[in-house]
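J.: based on what follows, work out the 3D shape:
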Amino acid sequence: MEYTEDALEFLKLAHAIMTDAGGRTVRVGLSFEETDEFERLQKVLNRGRSSFEDSFDEWERLGHRYKELHGKHEMARLEIISAEDHAR
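T.: Numbers count the residues shown, from 1 in each chain. Coordinates of the predicted model:
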């Protein structure tokens, strides 16, 4: 997972990334392994169905898994934002 300086700054401001206990950059709410999977799925799905060589069922499975990880990430991110808002 490599990010440009601008991307890192944006993701930090959006409470989308953090550093795990091992010093690795991860998506908030996801483990290092889940972050890797999330970002790989994001790349595959962003290329579009026409560039995907496996079956439609596999495409659907990947999309479902991406949504699971995205939901887990977003829930954790929103909890942080809400906690900060309540602290003010």
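J.: which helix in the protein runs the most residues?
T.: With DSSP state H setting the assignment, residue counts place helix 56-87 as the longest helix in the chain.
J.: buried ones in it?
T.: Buried positions in helix 56-87, judged by neighbour count with 16 or more other CB atoms under 10 Å: 59, 62, 66, 69-70, 72-73, 76-77. For every residue, glycine as well, the C-beta is placed using N, CA and C.
J.: likewise for stretch 33-44?
T.: Buried residues in stretch 33-44, counted by 16+ other CB under 10 Å: 34-35, 37-39, 41, 44.
J.: same list (these) but as JSON lines, adding distance to residue 27, pLDDT and secondary structure.
T.: Shown next, in JSON lines, are the buried residues of stretch 33-44 (distance: CB to CB, whole Å; pLDDT from 0 to 100; DSSP: H, G, I helix; E, B strand; the rest coil):
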{"residue": "34", "distance to residue 27": "7", "pLDDT": "98", "secondary structure": "helix"}
{"residue": "35", "distance to residue 27": "5", "pLDDT": "97", "secondary structure": "helix"}
{"residue": "37", "distance to residue 27": "10", "pLDDT": "97", "secondary structure": "helix"}
{"residue": "38", "distance to residue 27": "6", "pLDDT": "97", "secondary structure": "helix"}
{"residue": "39", "distance to residue 27": "8", "pLDDT": "95", "secondary structure": "helix"}
{"residue": "41", "distance to residue 27": "12", "pLDDT": "94", "secondary structure": "helix"}
{"residue": "44", "distance to residue 27": "16", "pLDDT": "89", "secondary structure": "helix"}
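J.: closest to residue 10 out of the residues you listed?
T.: residue 39 (15.1 Å; CB to CB).
J.: lovely, talk soon.
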